[in-house]
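Peer 1: Below: sequence and its predicted model.
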Amino acid sequence: MLLNQFLFLAAVLFCIGVYGVLARRNAVLVLASIELMLNAVNINLVAFGAYRHNIAGQVFALFVITIAAAEVGVGLAIVVLIFRNRASIALDESDLMKG
Amino acid sequence: MVAQNVVFGILAAVMILSAWKVVTTKNVVRAVLYLVVVLAGAGAQYLLLAQEFIFVVQVIVYIGAIVVLFLFGTMLTRAPIGRDTDLDNDQKWLAALTALFLVGVMVAVLSDAFGNTHIKISGVQRTADVANSMFGPYLIPFEVVSVLLLAALVGAIAIARRD
Amino acid sequence: MFFLRNAWLIPAIPGACFFLILFFGKRMPGKGADIGIAGISASFLLAVGAAIKWITMSTPRVPVERHVTWFKMGGITVNAGTHIDGLALMMLFVVTFISLMVHVYSLGYMHGDRRFTYFYAALSLFTASMLTLVVAPNTLQLLVGWELVGVCSFMLIGHWWEEEVNSSAAIKAFITTRIGDVGLMLGIITLFYAAHRTFDIGILNRLALTGGISHHLLLVGALLLLLGVVGKSAQFPLHVWLPDAMAGPTPVSALIHAATMVVAGVYLVARIYGVFLTGLSIGPLGNGINALAVIGGITVIIGAALAFVQNDVKRVLAYSTISQLGYMVMALGVGAWTAGVFHLFTHAFFKALLFLGSGALIHSVHSNNMSDMGGLRKYMPTTFWTFLVGSLALAGIFPLAGFWSKDEILLGASRGGYPLFLWVGVIGAFMTAAYMTRACYLIFWGEYRGEGHPHEAPPSMAWPLRILAVGSIGAGWVSAFGFHGFPTWVSFDVAGVTREVIHEYAFSVPLAAISLAVAFIGIGVAYGYYFANKGPHGLIKRNGLARAGYHFLEEKYYLDALYLNGVIRPIQYPIARAVYWFDQHIIDGFVNGVAFVSRKVAGFIYNVVDQKIVDGAVNGAGFTAEESGGLLRYIQTGRVQQYAAVLFGAAALFGLILVLTTA
Amino acid sequence: MNSLDHWALTGAIFVPVIGAALLGLVPRRAELTLKAGALLASLASLGLVVYLMTQFDYSHSARLQFVANKQWIPVINSRYHIGLDGISLPLLALSALITVLCVIYSWDHFPEPHNPKAFLILILILATGMNGTFSALDLILFFVFFELVLLPMYFMIGVWGGPNRQYASIKFFLFTLFGSALMILSFLALYFKGGQTFDMIALRHTVAAAQLPTATASLIFAGLFIGFAIKVPMFPFHTWLPDAHTEAPTVGSVILAAILLKLGTYGFVRIAIPILPKAAHSWAPWIGLLAVIGIIYGALACLAQRDMKRLIAFSSVAHMGFVMLGIATLTSFGINAAVFGMVAHGLITGMLFFVAGSVQERYGTREIKRLGGMLLQAPRLGWILGFCAMASLGLPGLAGFWGEFPAILSSYQPAAGLSLTTFRVYMTVAAVGTVFAAGYLLWMLQRVDFGTVKSEFQHAHIHDLHVPEYLAWAPLLILIVALGVAPNLLFHITDGAVKAVTVGVHAATGVAAGG
Amino acid sequence: MLLAAAQGVPFQVPNLDYHALAPEIIVAATLVVVLVADLFLSDDRTWVLSSVSGWGLLGALIVVVELGATGHHASMVGGAYVVDDFALVFKGLFLVVGYIVLLMSSRYVEEGDYYEGEFYFLLLCSLLGMIVMGSARDLITIFVALETLSLPAYMLAGWRKRDLRSNEAALKYYLLGVLASAVMLYGMSLVFGFTSSTLLTDIGKATQGSITQAPLVTLGIFFITVGFAFKVSAVPFHFWAPDTYEGAPTPVAAFLSVASKTGGFVALLLLIYIGFLGRSDVWGPMFWVLAALTMTVGNLIALRQTNIVRLLAYSSIAQAGYILVPFAVAGSNTKSIHSAFTASVVYLLIYAAMNLGAFAVVIAVARKTRSGEIASYGGLYEYAPGLTLLMTVFLFSLAGIPPLAGAWAKLFVFRAVLDSGTSSAIALGVIAAVNAVIALFYYANISRLMWMNPVPDGDRTPIRVPASLQAALALTVIVVVVIGIYPQLFAHLGDVASLVK
């Protein structure tokens, strides 16, 4: 297997995530897109770990998974909070402050 | 080796397709379900790379926990189960451009760096090694993460709680 | 030697009196006048003592110099002190004497003035300043005295400053003389370096006469100094301030004209004569003409001519002074040093007398105008007789003071090789006699044309007149009929210079006769015109050319107008305003402009880059939609994701650039 | 030296600020305590300066005395290095004196919005800044003190100033800060290019040893030049001055004119020229040019003024032009004249601003054409104005003359290597400038002092001098006369120190020392 | 090498120095105590929580000082966690900053009827992350520390739950933060892929000199930097800062602008001076552009602000730009590395004091005016002279006017620039100088308003400043003034903390 198989896959996933983050209005879907990006990173880390025969790659990925979970939790909490206050989770409506 | 490459190819195609659906589908719940496919695919890739512990964690934490969280989130914010025409904003083209540009840069750099490098799998990564590492060199971050999770838990409750 | 060695007391006493009067004058019984008179009397006695000591000193008389270190700076030491020689003593005597007379006279004249005390303080300072100038051993001290004299004249001319005319006259006097002072200052500086960094006048004269300084530098220095002299001694073309200075109280005019202010210029030339002599090639070296003589000559004529058309008695005298100062300068310009100085000496007496006399007249008739006078010889006999003596002395009638000194000037011009200036002198003498006759006629003869009852001056005014009349009669005799007292006492001696630089000429009867005759002709013509009412009366009305000439004189050759409209107004208004405008709009504008531009740039960054490119251009269509309708108001500005777009865009772009540039 | 000598200078610098800190603790209502405290602090500082003057070794005025040299910021090799020589001593004394007089003058007329506490504290902080600047021998220390002066003055103008005070204060602030930004850059450049030290004295040798390229030295000098020139202020960096002066409260104007402007010229004499003599030499004609432009330009601008204070402010531009001309000649005469000019201008213009302030206080206006006949209503005030005007126009026998005349004198023969023709033209122009000075000052005098009282003030109650004015002004008036009559009082202090400066310049430019 | 060879190696008990870890342990224990105590305390006694937190921080601080004083250094878990002077200086800074923020927030939280226990708990969590960051010497620890300091902060920004602005602040901060860390993680993966190590020292060895796959490393370094550039709000990754500061509770904004930003800089210092020291060809120009952009954009936009917090936000962006300047010029020579490092550290220390002080004044003033509009500061001097004076001191210190501490911060930056001496460094120095002057406009403008304008609403009732806030103000102003007079104190710290010996 080529190392780049995995890296390219990760890159593509990452950028699909980027697209989602930029193009989606729905906050939950933006969070989902972020998960795509983090998974891409994990694929990278694991692939490098396997390539280098270094356990650190996997360990790093584990940390990322854990923290991603925490982030999603916090993110959803914030989304819920916003939803409660303005009955919408459209990101482009949050523009009270600018300039 | 060919088999592995074929498996990889199929998996990759499914993942990319699903990922694409995650960011384009008009249905929120479906998007989350497509996400499950991508996550599962990633897990499979880990197996392909003989990293079994992380595969397990991927399945349990992501598919088991995070996706459920997402679904909860979807429900709590009363997303329609059906099609929703209002999921995308008006900067799609800009988003696409940015993403394409970024992927272009990444791929170019990666192909320059690892053009023809092969991964040699010399055996399955043992979970014990992961543990040795986690509780050895990475003990301190591991402990700190516990605080982090606690903070996220407490904070998320405090934030999301109706008061 | 007491008097000569302690000559510093002579200026110091009036100087001290100034402060005493300023701080305690009002509380004194005489309101300060007592202090002033006491002080100046003391100075006068000291000056007389010193003069006697000098005269009785065995020849050759050696100047007495005493000094203290004034300051040391930049490798030079500058002294302040007294340099007492014949010239200085003559001046000390004249200044203190005239000043004493003026002090006494003012008791009466200024009686009841609201600033009586202040007036005496200023008089004391004026005298002290002039005395400081006189005794100065170096040009710097001289400059100090010089400027102080100027400022005192400012204070005194503007004494009645409630009226703007008076304060304006004071300012005019000050500024005009200060223009000259620029020359003086630069001249002093030039000579300072020329003389290898010294202000010492003795050294300066010696170096100038012995070739220690290049002729070129001397010429420049002399011309610059001359500018100062022109300003201070009211020489053409900076004489314009002097007639206006008549705005001051009359005793002040007497002091200014006879002893202090205006003669300072002449004194300066006489004092630093070496520079002029060599620098301007005066005397045998010259070619019959030089700047000093020319200026003096012009001044003689133009001053005298203007004296004809004046109605104000003081102005007649003022122009007369200008003319007489011209004589002195001309005398120095033709190499007749002694004659010039001698004329300064004699002129002091009769000009003081005339001014004080005119003061008595003004005091009596409350007007300066001769048209308000007439026939006063009946009412004011003392004034009349003394005034007449002064006039005759001024006109140069034998054997009064003016005759002797004027004659010496003519002699110097003729023998020294300056025939042109001989003629100038002669014509001047004619004119002088004529305009003084006119003045006397208008004042003392005919019918009284003024209001009220003229009365004789009080004793405090009359006595100075009498004393000065005696002086006007006798002052010339110190150098008369072959008695060479004055030339031996007062001479231009420079230590270490053996060359005879000043030529003395024996009294010449023919020349004296000519000048006397000319004076009498002048008197005669004027007598004919005024007393006998002969000649072309009404010419001015009939003849356009004559009218033009008269106007030309009346307008003082249009010099005042030229200065006012050609120099002062443009500076005061367009130029100063333009500069100020430039300041406020261009320079300041530049600064404000920078601020403006940076504000604009900030606004641009903020409004366009931050608000439009990041905010608007990103979702261009939506932005216009928000602008136009507002239907989709809440859907359009997805800011977070725009931020994110920038984040990723920048990551990609910067990343690419970095990769490309560092690869 | 006894132990007091070591501490007296530091004390003179910091006593005022300590006083200010203590005043901060006094409640706002205890006005008398506040005033007494401020007076005490400023007097203490003055007392220490007087003590220093008695201990100063005048026969070696070029030597730095009362030196304190303690470690301060070792990382950048900057030290608490202070000391006095013949150049700084008179200025320090002036600054300490003016502070006291300002406190006295303010005694019972604090400008609106009153608040004596803050006002006095600002004066005291200013005092520390000014005293410190004149004593500092380390560039960083100098810079700190130099800037310390800025803020109190900014607030003094901005809070207690006239109607347009905000604009004026901001302008003052930004202008000077812009200058000091360049200045500090130059200081840093000196540090890096000239021997890794901020010590002014050491830099003289190390910079010379470093053999800076001409362009570098010139550039560094340019930075210093602009920094100082703004403070002086020299044409064309002067536009902040009229606004600042016009709007500032009386005491602010006095301090500004008497001391702050001197910081710039002092910087030239103390820092720019001794450290970068060659660059100074090549810049001198341009400095001279700006100086004489300033002389004429300031005078002309004066003639267009309608406001007394603005007129006096522009006259400062002209007067500081003489100072700068003296400095530009790089001769002993010139720099002596400059130092004398600084002190004289401080005394005279300070006095003029005091008078202008008192006029404003009495008449409620400073507009020249509305005033008139002041001599009739307040003769003493009027005569003092006249006296100051005379002093300001450079009348011999008063202090102003000794700043102007030697400056003109020196430009006849500037330092070797400078163009004689250029400087002689400057000399002539400067001399003509004295006529203008007489013009505008007498014009003002005529309009304000002379004539009759205008109808609007016919019945106004205009009182003559009161006690604080007597007390605050007497020392200045006495000094103006004393220095004018006996210039050696100052020259004998400055001469030695100035000579050391010029010798340095001559040594560096490779020509034998002259006057 | 422990990490690289981990595979198949038997478990080794990690060497932990509990003495050196004591600050972390104390903070962790405190936060647990706060969390638990919150459950048992009645609503009117919740003030106990803030004092408990405060004592915990002080306790940790004492240990840090003790460690520093005794020179007790430790290197744990194979060099991945190090307690040295650098770590101690910044731990001390974080603890002090945390303490001051605590002082600033105690009344704020109490009076605003917000969750108190959780607030302090999250604050302490975030602080723990920062303290760990000081010692972190490998990528994973840095990542974990970063997330630990960030995640609680996301939530704190939204702590005014019923305020839409606060919600929005949290959302923006959170989203951009997560995205930035995703980019950073991607970069870390690349660097890990190249070096096969997460340990900074190993990375440093592997990336120096001439290397193959340079573009990969370049991209990796840059992506990592993006993550922290976001944290320090460097342009163009700054967008969140003004919005978040404005919406967040003001003490949190202060916390973000000081502590969180410093955390980002600490990570950058570690990465650049240990990990990528050999690759100045990459980060030199990168930081040059970042610094120039950050200073300029921050200052220019600040000119147009009408809200005081937003203004401080842009000002703190600009300040970050000044702090980035030394990074840009560090790579020229050995001397400039040292002076640049010192400059960054000193600037951070001083910046913390002056910026916190400014925020403390804002909090105090808002107690009366209830407004963040700059116009409401008009005539502040008339009714709150003390606060006005303090604000002036802080603002002028930020502007860099001596003899206040901020001037020295800038001086050190310029020193670094001149030590480098390259023309690009000088150019950046000129940009910085110009920016310093631009910045004066808005700093001076506020002081002008406070001192010289009339009170807008005519209400001159004095402001009552609670004791805790007074203490915060006193602490910060003392630092600003004392360091202004004797900068050597911090300069010394900057020197000893140096990572490049």
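Peer 2: Okay, I see it. Note that the coordinates shown come from a computational prediction; the quantities given were computed from them, not determined experimentally.
Peer 1: Any part of the lengthiest helix in chain E near chain D?
Peer 2: For chain E, the longest helix by residue count, based on DSSP state H, is helix E:334-369. Yes: counting by C-beta under 8 Å from any C-beta of the partner chain, chain D is contacted by helix E:334-369 at residue E:342. Where you see a C-beta, it was placed from the backbone N, CA and C, and this is true even at glycine.
Peer 1: packing partners for that helix?
Peer 2: Packing partners of helix E:334-369 (3 or more C-beta pairs under 8 Å, 6 or more residues apart in numbering or on different chains; DSSP states H and E): helix E:85-111, helix E:250-255, helix E:261-270, helix E:308-330, helix E:385-399, helix E:405-420, helix E:467-485, helix E:488-496.
Peer 1: May I see those helices arranged in CSV, with distance to chain A and mean pLDDT as well?
Peer 2: Formatted as CSV, the helices and strands packed on helix E:334-369 follow (distance: least, C-beta to the nearest C-beta, whole Å; pLDDT from 0 to 100):
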stretch, distance to chain A, mean pLDDT
helix E:85-111, 18, 91
helix E:250-255, 12, 94
helix E:261-270, 16, 94
helix E:308-330, 7, 92
helix E:385-399, 21, 92
helix E:405-420, 26, 89
helix E:467-485, 25, 93
helix E:488-496, 32, 85
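Peer 1: so which of the ones you listed comes closest to residue D:450?
Peer 2: Nearest to residue D:450, of all the helices and strands packed on helix E:334-369, is helix E:385-399, at 45.2 Å by C-beta to C-beta.
Peer 1: How about that closest one and chain D, any contact?
Peer 2: Yes: applying C-beta under 8 Å from any C-beta, one finds helix E:385-399 touching chain D at E:385, E:392, E:396.
Peer 1: same question, stretch C:203-212
Peer 2: No: on the criterion C-beta under 8 Å from any C-beta, stretch C:203-212 is out of touch with chain D, staying 15.2 Å away.
Peer 1: Let me have the residues of helix E:385-399 next to chain D in TSV, extended by distance to residue C:110.
Peer 2: Listed next are the residues of helix E:385-399 next to chain D as TSV, based on distance: C-beta to C-beta, whole Å:
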residue	distance to residue C:110
E:385	59
E:392	61
E:396	62
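Peer 1: Most neighbours among these, which one is it?
Peer 2: residue E:396 (27 neighbours; other C-beta atoms under 10 Å in any protein chain shown).
Peer 1: got CSV for the helices and strands packed on helix E:334-369, with distance to residue C:359 too?
Peer 2: Converted to CSV, these look like this (distance: least, C-beta to C-beta, whole Å):
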stretch, distance to residue C:359
helix E:85-111, 86
helix E:250-255, 85
helix E:261-270, 88
helix E:308-330, 77
helix E:385-399, 67
helix E:405-420, 71
helix E:467-485, 72
helix E:488-496, 79
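Peer 1: can you list these in CSV and add distance to chain C?
Peer 2: Putting the helices and strands packed on helix E:334-369 into CSV (distance: least, C-beta to the nearest C-beta, whole Å) gives the following:
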stretch, distance to chain C
helix E:85-111, 26
helix E:250-255, 18
helix E:261-270, 15
helix E:308-330, 10
helix E:385-399, 16
helix E:405-420, 19
helix E:467-485, 27
helix E:488-496, 29
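Peer 1: between those, which gets nearest to residue B:41?
Peer 2: helix E:261-270 (32.6 Å).
Peer 1: How about the contacts made by residue 96?
Peer 2: Just so you know, I chose chain A. E:164-165, E:168, E:247 (C-beta atoms under 8 Å, 6 or more residues apart in numbering or on different chains).
Peer 1: Correction: the question concerned chain C.
Peer 2: Here residue C:96 is in contact with C:10, C:40, C:43-44, C:46-47, C:127, C:131 (criterion: C-beta under 8 Å, 6+ apart).
Peer 1: Tell me if I'm right that residue C:358 and residue C:317 touch.
Peer 2: Yes: the criterion here is C-beta atoms under 8 Å, and residue C:358 meets it with residue C:317 at 6.1 Å.
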